[in-house]
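Q: no letters, just coordinates:
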């Protein structure tokens, strides 16, 4: 009797879960190829890169994670998308304190080539967020700071990449991006530049 009374309450939850997944499945787009009917697309990328601060030739490595949602810019603009991204960057700077950045950004994607195998795209965008510096980071006593002391940073980015369709509604994403990150309220801040390669998936 106890066994039956324990199972009973879970049946409504099971039915509700099935209905919920059915609703989500009806919303997610299964189109691919030229992506003409695609609505929202979710995804994430991981990246690694290297770069120098502006005019300072300081070596560093950068790593990061980017979750995103991609939407058509307009229904009748088949080559244009807008993306909203979350950004976590970690900078391993040679002979200086390491730095991380946490923020949000948005991009405009232009996809001039769209085929059944996938598409090529160009990207430009930017964002704002929190950085861990907390004080000005100097390469030398006489050099301007690389980062300011406000814990508030902005960045710009540009790049190019490819989508490779691997299934209905699923694609691999490979791209190159150039990042510049600096603190906008510190006029002496030179900022950091990085060249990055991103690998991700969209679904």
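A: Structure's in. What do you need? Predicted model, so just to flag it, every value in this text is computed and none were measured. Numbering: from 1, shown residues only.
Q: the most centrally placed residue in the chain: what's it in contact with?
A: Nearest to the mean C-alpha position of the chain, by Cα atoms, centre = their mean, lies residue 66 at 3.2 Å. Contact partners of residue 66, counting by Cβ atoms under 8 Å, 6 or more residues apart in numbering, are 44, 45, 46, 47, 85, 86, 87, 88, 198, 200. C-betas here are computed from N, CA, C, even on glycine.
Q: closest one to residue 57 out of these, please.
A: Residue 57 lies nearest to residue 47 out of the contacts of residue 66, by Cβ to Cβ, at 22.4 Å.
Q: so that closest one is in which element?
A: In the assignment (DSSP states H and E), residue 47 maps to strand 41-51.
Q: which other helices and strands contact that strand?
A: strand 60-72, strand 170-182, strand 192-202 (3 or more Cβ pairs under 8 Å, 6 or more residues apart in numbering; DSSP states H and E).
Q: now those in a markdown table, with distance to residue 161 and mean pLDDT?
A: Converted to a markdown table, those look like this (distance: least, Cβ to Cβ, whole Å; pLDDT from 0 to 100):
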| stretch | distance to residue 161 | mean pLDDT |
| --- | --- | --- |
| strand 60-72 | 12 | 96 |
| strand 170-182 | 3 | 96 |
| strand 192-202 | 7 | 95 |
